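S.K.: Below: sequence and its predicted model.
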Amino acid sequence: MITKYIKPLIFTTLITFFTACSSDDDNVNELSGQNAVAIDFDNGVNGDDLLLASATYTKTNAEILTITRLNYIVSNFVLIDANGNEYTYPKDESYFIISEENDNTEINLPNIPAGEYVAMRFGIGVDQDKYQQGAEGQGDFLQKAEDSFMMWSWQAGYKFLNFEGTFTSETVTEAANFKIHMGSHGSSLDNYKEVTVQLPTSALVSDNLSPVIHVGVDANKLLDGSNKIKLSEKAVVMVDEVKSPQIAENATEMFRVDHVHNGEQIQH
Amino acid sequence: MNVLQNIKKYAWSLLLFVSIYQVKATEKDSISVFSKNHFIFEYYDCDVCGCGSSGGSMGYGTIGNANFVGVRYIHQEYRSKQGIYNNSPWIDENFNTLQAWARIPLSSKIQINAIVPYHFHERELIDGSQKIDGLGDISIIGFYKLITPQLDGLLPEQKTLFKHNLEVGAGLKLPTGEYHGENNQGSVNPSFQVGTGSWDVLLAGDYSVSYKNWGAGVMANYTFKTKNDEEYQFGDQFNYGLNVYRSYTTMKMQTFTPVIGIAGEIFGENESYGLGVQDTKGNVLFSRLGLESNFGKFSAGVNVMLPLVQDLNSGNVEVKSRLGIHFNFNI
């Protein structure tokens, strides 16, 4: 019977073919050129999406918040590759306002050199060096900050965080306003902080690869981070030498990269 | 992933074993047999598209040992989460597939199964509905019969009441369905595609036994997936199933065969540009209820699958139901 010979032949062929098929070519080493990196700041509160004015969020101390504004400044972006090399995005262009109410939650960093980036460092707020450049040195960022309620005045400086809404607690039964405006207060109190976040998947940049880094932001950390801020104690925190630095510290805890999209297209 | 790797290992061992066994085996019985009450749970790689968690284990309709050409319609309902938060909205996804399928004999022991699918899927995203349609991934798989049921006439006169059947197969899934990277954005189901865009290798095994009018079948198949042109690679997929059935023959020699069973699917992690994509692996176990009927040269069947346990894409994708209806002409 001819099938007697066909059988071994077919199986041998198949095995050879399948074995030959399993290849693991690595194209990561071939990255060259430059491209844009998008960073999406997806604001949430303790696992829930942030919905302005239409949802309530409960803190661990039983204070219940309705959030009406969450604006913050992110700056001085540095991308770190697998070998530990750092690429610092041009400082003058490295200041951004993330504003939930204006739907400004994605920033775009063009002309990033090709690489496999594994971590990212950035600042929350505006550093003293930048502020020392004076009003002229701020470029159009000053105007943007004013438009987004992120300035007290030039002398008082930038608000790094503008977090507002209403709350109730065991003692405050009628909804009361809260306002958390955190910043450096001129040059007397420096609340600028930097944070480094790891990317769960490398972000690949090359002439034809333009990744999106999707950051999950947990605004719950602002009041409920390492430092517990009680609104019932003080509902309006602006220039406060104790609470402002605590909130600045808490702000560094709210960023986590949820996932990275690698690909050619910069859309989400 | 470990589960899949183990399965992969076993799949290879099985294939090796089978091939060695075949080299040693002596020709016993190469007569094609047809026993009216012995059904084979055919493997049909319902191409993984529409995608990741589709088709797979729905695959095997209870087809009498016949060769056929036919059509099958599959409707699958999923929901998947758009967004990364607990309160992110769930969106509904409907996957529809119309297939031309056939099982054609090459020799008494070798059959070729082919499936040509056409997909039309739609989902309701937050900012409007999205529809995709087009030719899917064609798959071709060759089956070899290692054990064939004994031929001894029609049911009332059968001497051998216990029969069994063992088939192994291997094949290819072709990248005939277009893969669009832009449909694979955000945190929504990455499988909303009409094709994987990749050349995939299929291995399958199928064993069934029957006693009088009763029968049972187990099947397993493994799909080795490869990278597509857009550097995306869907995770390997393992499907398995167990079915029990009973055949009823009417006076006019029509046969009705109700089937009950379970079917499961295990998916490996997808890769994008060689890097693992989080929240893409998973598994699901279905219950299955079906009815197959034969009348003359024609056969028809309907199958419903409902999930019993599932953990797909870290809970971000849920399969709700699957329905398959087929109509075949036996050749």
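M.R.: The structure has been received and is ready for your questions.

S.K.: quick one: the helices in the stretch 101-250 of chain A?
M.R.: A:128-132, A:141-147, A:220-224, A:243-251 (DSSP state H, counting those that start in this stretch).

S.K.: average pLDDT across the first one?
M.R.: Per-residue pLDDT over helix A:128-132 has a mean of 92.

S.K.: Buried residues in it, which are they?
M.R.: By 16 or more other Cβ atoms under 10 Å in any protein chain shown, the buried positions in helix A:128-132 come out as A:Lys130, A:Tyr131. In short, each C-beta sits where N, CA and C put it, glycine included.

S.K.: Show me how far it is from its chain's centre.
M.R.: 22 Å (Cα atoms, centre = their mean, to the nearest Å).

S.K.: Just the CA atoms of it, as CSV, please.
M.R.: Taking C-alpha atoms only, helix A:128-132 is exported to CSV below (Å, rounded to 0.1, in the frame of the first residue of the first chain):
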residue,chain,number,x,y,z
GLN,A,128,12.8,76.9,40.6
ASP,A,129,15.3,77.1,37.7
LYS,A,130,12.4,77.8,35.3
TYR,A,131,10.7,80.2,37.7
GLN,A,132,13.9,82.1,38.2
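
S.K.: Was I right to think A:Val126 contacts A:Phe160?
M.R.: Yes: using Cβ atoms under 8 Å, A:Val126 is in contact with A:Phe160, at 6.9 Å.

S.K.: for the chain, which spans come out with low pLDDT?
M.R.: I went with chain A, as the question did not name one. A:1-29, A:186, A:265-268 (pLDDT under 70).

S.K.: Please refer instead to chain B.
M.R.: Those would be B:1-66, B:150-160, B:184-188, if you go by pLDDT under 70 across chain B.

S.K.: Tell me where it has helices.
M.R.: Along chain B, the segments classed as helices by DSSP state H run B:2-24.

S.K.: helix or strand for the closest residue to A:Ile107 other than its chain neighbours, which one?
M.R.: Distance criterion Cβ to Cβ, 6 or more residues apart in numbering or on different chains; nearest residue to A:Ile107, sequence neighbours excluded, is A:Phe96 at 4.6 Å. Element membership for A:Phe96, per DSSP states H and E: strand A:95-99.

S.K.: Select, out of the helices of the stretch 101-250 of chain A, the one closest to chain B.
M.R.: helix A:220-224 (11.8 Å; Cβ to the nearest Cβ).

S.K.: Outside of that closest one itself, list whatever touches it.
M.R.: A:45-46, A:57, A:59-61, A:63, A:65, A:161, A:163, A:180, A:229, A:231, A:247, A:250-251, A:253-254 (Cβ atoms under 8 Å, 6 or more residues apart in numbering or on different chains).

S.K.: Filter the residues you listed down to the ones in strands?
M.R.: Members of the contacts of helix A:220-224 lying in strands (criterion: DSSP state E): A:Val45, A:Tyr57, A:Leu65, A:Leu161, A:Phe163, A:Ile180.

S.K.: Spell out which two among these are the most distant pair, please.
M.R.: The span of those, defined through Cβ to Cβ, is set by A:Tyr57 and A:Leu161 at 16.5 Å.

S.K.: Which one of the residues in the stretch 51-200 of chain A is closest to chain B?
M.R.: For the stretch 51-200 of chain A, Cβ to the nearest Cβ, closest residue to chain B: A:Pro200, 6.0 Å.

S.K.: Pairing partners for the residue lying closest to B:Arg72 once chain neighbours are set aside in the sheet, please.
M.R.: Leaving aside its sequence neighbours, B:Arg72 sits nearest to B:His326 (Cβ to Cβ, 6+ apart; 3.8 Å). Counting by DSSP bridges, B:His326 forms beta bridges with B:Arg72, B:Gly301.

S.K.: From what I see, B:His326 and B:Phe68 are in contact.
M.R.: No: contact criterion Cβ under 8 Å: B:His326 and B:Phe68 do not qualify, at 9.4 Å.

S.K.: how near is whichever residue of the stretch 101-250 of chain B sits closest to chain A to B:Ile141?
M.R.: As assessed by Cβ to the nearest Cβ, chain A sits closest to B:Ala170 within the stretch 101-250 of chain B, at 5.1 Å. According to Cβ to Cβ, to the nearest Å, B:Ala170 and B:Ile141 sit 7 Å apart.

S.K.: picking that back up, so who does the residue nearest to A:Ile107 touch?
M.R.: A:Phe96 touches A:Ile73, A:Val74, A:Ser75, A:Ile107, counting by Cβ under 8 Å, 6+ apart.

S.K.: So what's the residue count around the second one?
M.R.: By the other Cβ atoms under 10 Å in any protein chain shown criterion, the neighbourhood of A:Val74 contains 22 residues.

S.K.: next one: A:Gln133
M.R.: 12.

S.K.: likewise A:Leu189?
M.R.: 15.

S.K.: Now it: closest residue in space that isn't a chain neighbour?
M.R.: Excluding the flanking residues, the one nearest A:Leu189 by Cβ to Cβ, 6+ apart is A:Glu241, at 6.4 Å.

S.K.: B:Val317 too?
M.R.: B:Ser80 (4.3 Å).

S.K.: wait, what's in contact with the one you found?
M.R.: B:Trp90, B:Ile91, B:Glu93, B:Arg123, B:Val188, B:Asn189, B:Asn313, B:Asn316, B:Val317, B:Glu318.

S.K.: go with 10 Å
M.R.: B:90-93, B:123, B:187-192, B:312-313, B:316-319 (Cβ atoms under 10 Å, 6 or more residues apart in numbering or on different chains).

S.K.: Make a PyMOL selection of the buried ones in the residues you listed.
M.R.: In PyMOL syntax, the buried subset of those is picked out as below (16+ other Cβ under 10 Å):
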select buried, chain B and resi 91+93+123+187+188+189+190+191+192+312+313+316+317+318+319
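
S.K.: So which of the contacts of B:Ser80 sit within strands?
M.R.: B:Trp90, B:Ile91, B:Asp92, B:Glu93, B:Arg123, B:Leu312, B:Val317, B:Glu318, B:Val319.

S.K.: Next, find the distance separating the fourth one from chain A.
M.R.: By that I understand B:Glu93. To chain A, B:Glu93 is 19 Å away according to Cβ to the nearest Cβ, to the nearest Å.

S.K.: just checking, that residue touches B:His75?
M.R.: No: the criterion here is Cβ atoms under 10 Å, and B:Glu93 misses it with B:His75 at 11.6 Å.

S.K.: How many residues are close by B:Pro307?
M.R.: 16.

S.K.: now do the one 4 residues further on
M.R.: Residues lying near B:Asp311 (other Cβ under 10 Å) number 13.

S.K.: Could you tell me how many residues sit around the nearest residue to A:Val236 once chain neighbours are set aside?
M.R.: Closest residue to A:Val236 apart from its sequence neighbours, by Cβ to Cβ, 6+ apart: A:Lys179 at 4.7 Å. Per other Cβ under 10 Å, the neighbour tally for A:Lys179 reads 14.
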